[in-house]
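Q: the following comprises the amino acid sequence and a computationally predicted model.
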Amino acid sequence: MIEDDDLTAAARTLHREWKSPELWPAIAEEIRRIEQGERRRSRLLAWRGLAAAAVLLLITGATLFLMREGSSRQPSAPTRTAAGSQRLLSDDALAEIERAESQYIAAIEALAQKSTGGTPPPTPLAAALHERLLVIDAAIADCRAEIEENRFNAHLRRQLLAMYQEKRRTLEQILEEARHAS
């Protein structure tokens, strides 16, 4: 403990005080400068954020406008190749596609006659399959209406084919469910 007392006494002799009237005002002035700099910086960041949001809004608006313009344009003539002399889908190819489509539709309708049979669905699964069939039929009708506006659109024809394939699978599931229920 003696060492602690000696240390304390030695520390007391080293303690000095002096008057410094400029110390606290200098500290206060430095604090004000720092706060002003932070306010300027936060205003600058706010303006940068608003500018970035405005640019993003303009780009989004321009993109949506261009997309709408591109989708609303209807081709005035049938689609042509780079040479400009032939359609991508010729009249002969279109006739062949429509002939195959009508045969496919006839086969699906025959399957539909077998599967619906006029009796109400005996199980919840069969009811759900019949409801799915109604949705598919509505989608097919919509697609066919689009095809009537642009008979040479191969993409729409592929979508229609996919819908008919889904209808065929659904009808087969209805028949399978009817066999299991019997």
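A: Cool, the structure landed.

Q: am I right that Arg168 is in contact with Ala110?
A: No - Arg168 lies out of contact with Ala110 (C-beta atoms under 8 Å); the separation is 10.9 Å. C-beta: built from backbone N, CA, C; applies to glycine.

Q: higher neighbour count, these two?
A: Ranked by neighbour count (other C-beta atoms under 10 Å), Arg168 and Ala110 place Arg168 first, with 16 against 11.

Q: residues touching Leu50, list them.
A: Under the criterion of C-beta atoms under 8 Å, 6 or more residues apart in numbering, the contact list for Leu50 is empty.

Q: nope, Arg157 is what I meant
A: 97, 101, 147 are the contacts of Arg157 under C-beta under 8 Å, 6+ apart.

Q: from those residues, which single one is nearest Leu64?
A: Proximity of the contacts of Arg157 to Leu64 (C-beta to C-beta) peaks at Ile147, which lies at 27.4 Å.

Q: hey, where'd the helices end up in the protein?
A: Taking DSSP state H, the helices of the chain run over residues 2-14, 23-72, 91-116, 124-149, 154-181.

Q: how far out from the middle of the chain is the fourth one?
A: Here helix 124-149 shows a centroid-to-chain-centroid distance of 24 Å under the convention C-alpha atoms, centre = their mean, to the nearest Å.
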